[in-house]
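# no sequence on hand, only this structure:
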Ligand SMILES: Cc1ncc(COP(=O)(O)O)c(C=O)c1O
């Protein structure tokens, strides 16, 4: 069979591959500790689930406007604007089934074949996939461990030029947990203005930050709102991965194009899911705080634990629920080490290079699992590496 060239480069996400192997081992009777998955281990909050159930009961099971029901767009505009200290109009909000369509469709709407796109490496694998599907040229900028895994700005300055149409940022980051410092955002913003680039700021983990810190958004910087697409969603903040609910905030003209792409692809986001989302945004927020406080406890435990394993050096990330230890001291490659840990220790985690070539020398470990399982996993890794 032959397929269109735009599909040739597509590969599975590393997380799904490792999960499949881990499930095989489990089916064969081996105990596996899952630290590979990028989803909260909490159930969707009760008030949100109830709102979804009630929405089904009251017939909210129809098509909706492709960019979302007005009540949800209004609530997101208010909440997301307040969170970032900016004014957002509901017609700048596009609701989608998960955050991913709001990565993909603005990219399709902006990128002509041959346009260059800067993206973080190591980074979320969807970025490279969507750039290539759009016919763009991915330009990887390495993240620097010694700078909270923010862009290597020297490399960034060398790579930015008139051909760059879009710069993708992700803070807090998957896979590193790093938060881009304000000075770096200012530098990137001034370059984006100088070269007339769009910025896609993936802020899906913006509410999962620690030590009282906030993850600043590039959209707040002068002149940036008209060239920024914020991507955010409900999967991580409200533990709603399977509900498929996300949103983008962007200038209205671009939002209208994304609306059309949604119209002709997914049609609309599930009706009742949007009402669950409305409750998530407008209802009590205390469960988000409970979850983040617990993640911080786990982060501290996993970082301390990893730093006692010979060959591992682990920074304390400021956001998301991942750690990205440097494992070069073990003398093994990321893939060999991740395989060894899965097969011999029964702990599933991801090699850093499944997030791009600059992820070689690292592992990505998710701590969206109980403290008890994290401690057990660390002990198993320690034993195998002895
Ligand atoms: C950095 C990043 N962006 C976007 C997403 C998309 O999430 P969703 O489509 O569930 O909203 C994820 C999910 O893992 C992610 O890690």
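Right, received. Where do you want to start? Everything numeric here is computed off the predicted structure, so don't read it as measured data.

# what about the helices in the chain?
Under the criterion DSSP state H, the chain carries helices at the ranges 14-27, 46-57, 70-84, 101-110, 126-133, 153-159, 182-195, 252-263, 271-282, 286-306, 334-340, 371-385.

# in the first one, what's buried?
Pointing back at helix 14-27 there. 14, 15, 18, 19, 22 (16 or more other C-beta atoms under 10 Å). In this view, the C-beta of every residue, glycine as well, is placed from N, C-alpha and C.

# the longest one now?
For helix 286-306, the buried set under the neighbour-count rule, 16+ other C-beta under 10 Å, comprises 287-288, 291-292, 294-296, 298-299, 302-303, 305-306.

# for the last one, same thing?
Of the residues in helix 371-385, those buried under the neighbour-count criterion (16+ other C-beta under 10 Å) are 373, 374, 376, 377, 378, 380, 381, 382, 384, 385.

# isn't the second one right up against residue 41?
Which is residue 374. No - look at residue 374 against residue 41 with C-beta atoms under 8 Å: they stay out of range, at 10.6 Å.

# which of the buried residues of helix 14-27 lies closest to the ligand?
residue 15 (8.0 Å; C-beta to the nearest ligand atom).

# for the nearest residue to that closest one once chain neighbours are set aside, phi and psi?
Excluding the flanking residues, the one nearest residue 15 by C-beta to C-beta, 6 or more residues apart in numbering is residue 36, at 5.6 Å. Backbone torsions of residue 36, given as degrees, to the nearest 10, read phi -100, psi -20.

# report how many residues lie close to residue 11.
Residue 11 has 11 neighbours, counted by other C-beta atoms under 10 Å.

# what residue in the stretch 251-386 of the chain comes nearest to the ligand?
For the stretch 251-386 of the chain, C-beta to the nearest ligand atom, closest residue to the ligand: residue 320, 7.7 Å.

# so which residues on the stretch 51-200 of the chain come close to the ligand?
Where the stretch 51-200 of the chain comes near the ligand, counting by C-beta under 6 Å from any ligand atom, the residues are 98, 99, 100, 124, 170, 174.

# residues contacting stretch 70-90, please?
Here stretch 70-90 makes contact (C-beta atoms under 8 Å, 6 or more residues apart in numbering) with 67-68, 91-93, 95, 206-207, 217, 219-220, 225, 230, 232, 247, 249, 252, 274-275, 277-278, 281-282.

# is the ligand contacted by stretch 14-30?
No - if you take C-beta under 6 Å from any ligand atom as the test, stretch 14-30 misses the ligand, and the best it gets is 8.0 Å.

# what sits up against that stretch?
So stretch 14-30 is contacted by 32, 34, 36-38, 125, 338, 342-343, 346, 348-351, 354-355 (C-beta under 8 Å, 6+ apart).

# between those, which sits nearest residue 198?
residue 125 (20.7 Å; C-beta to C-beta).

# how about the residue lying closest to that closest one once chain neighbours are set aside, phi and psi?
Using C-beta to C-beta, 6+ apart and skipping the chain neighbours, the partner closest in space to residue 125 is residue 13 (5.2 Å). Main-chain dihedrals, residue 13, degrees, to the nearest 10: phi -70, psi 140.

# show me what contacts residue 13?
125, 126, 354.

# rerun that using 10 Å as the cut-off
Residues in contact with residue 13 (C-beta atoms under 10 Å, 6 or more residues apart in numbering) are 19, 38, 124, 125, 126, 129, 350, 354, 355.

# quick check: residue 362 touching residue 351?
Yes - under the criterion of C-beta atoms under 10 Å, residue 362 makes contact with residue 351 at 8.0 Å.

# who has more neighbours, these two?
Set side by side, residue 362 and residue 351 show more neighbours around residue 362, with 28 against 23, by other C-beta under 10 Å.

# who's the more buried one bridged to?
Taking DSSP bridges as the rule, residue 362 bridges to residue 326.

# how far away is it from residue 120?
14 Å (C-beta to C-beta, to the nearest Å).

# can I get the contacts of residue 13 in a markdown table including pLDDT?
Shown next, in a markdown table, are the contacts of residue 13 (pLDDT from 0 to 100):
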| residue | pLDDT |
| --- | --- |
| 19 | 86 |
| 38 | 88 |
| 124 | 97 |
| 125 | 95 |
| 126 | 96 |
| 129 | 96 |
| 350 | 96 |
| 354 | 94 |
| 355 | 96 |
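
# sorry, back to before: out of the helices of the chain, flag the one nearest residue 142.
That would be helix 153-159 among these, by C-beta to C-beta, at 5.7 Å.

# mean confidence for the closest one?
Per-residue pLDDT over helix 153-159 has a mean of 96.

# my guess is residue 113 meets residue 136, correct?
Yes - counting by C-beta under 10 Å, residue 113 touches residue 136, with 7.4 Å between them.
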